[in-house]
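Undergrad: Sequence and predicted model, in that order:
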Amino acid sequence: MEFERALDAIDEVLSCYILSGEEDYLLRVVATDLDAFANFSRKVLAALPHVREIRSAFVMHTIKESHRLPLLA
């Protein structure tokens, strides 16, 4: 898809996931601060092909983060 190919050229997008449910994609984006993210969202993300709406959420605090897979017994 055109949108997915366009993401490859955007360094601020660290990862992209296709979702089930109401939203189509989840992007993990890096920005220096909220103003930089707002500018990036308006000028870069909103200009991508087929983007109609952008919803943002921010991590306030990490409770647990692991990349280890549990071993099968």
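TA: Now that the structure is in, tell me what you want to look at. Residues are numbered from 1 along each chain as shown.

Undergrad: who's in contact with Phe40?
TA: Taking Cβ atoms under 8 Å, 6 or more residues apart in numbering as the contact definition, Phe40 lies against 12, 29, 31. (Each C-beta comes from the backbone N, C-alpha and C, glycine too.)

Undergrad: And the buried ones among these, selectable in PyMOL?
TA: Of the contacts of Phe40, the buried ones can be selected in PyMOL as follows, counting by 16 or more other Cβ atoms under 10 Å:
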select buried, resi 12+29
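
Undergrad: Can you give the distance of the least confident helix or strand in the chain by mean pLDDT from its chain's centre?
TA: Within the chain, judged by mean pLDDT, DSSP states H and E, the helix or strand with the poorest mean is helix 2-7; its value is a mean of 94. For helix 2-7, the separation from the chain centroid amounts to 13 Å (computed by Cα atoms, centre = their mean, to the nearest Å).

Undergrad: got the contact list for Leu27?
TA: Neighbouring residues of Leu27 by Cβ under 8 Å, 6+ apart: 7, 13, 15-17, 45.

Undergrad: Give me the below-cutoff pLDDT ranges for the chain.
TA: Scanning the chain for pLDDT under 70 picks out 73.

Undergrad: Name the helix or strand for the most centrally placed residue in the chain, please.
TA: By Cα atoms, centre = their mean, the chain has its centre lying nearest to Leu27, at 1.2 Å. In this structure, Leu27 is located in strand 25-29 according to DSSP states H and E.

Undergrad: same check, this time on Asn39
TA: Using DSSP H and E, the element containing Asn39 is helix 34-40.

Undergrad: Could I get the CA-only coordinates of that helix as PDB?
TA: Extracted as PDB, the C-alpha positions of helix 34-40 are listed here (Å, rounded to 0.1, in the frame of the first residue of the first chain):
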ATOM      1  CA  LEU A  34       5.300  17.700  22.300                       C
ATOM      2  CA  ASP A  35       5.600  20.700  20.100                       C
ATOM      3  CA  ALA A  36       7.900  18.700  17.700                       C
ATOM      4  CA  PHE A  37       5.400  15.900  17.700                       C
ATOM      5  CA  ALA A  38       2.500  18.200  17.000                       C
ATOM      6  CA  ASN A  39       4.400  19.700  14.100                       C
ATOM      7  CA  PHE A  40       5.400  16.300  12.800                       C
END
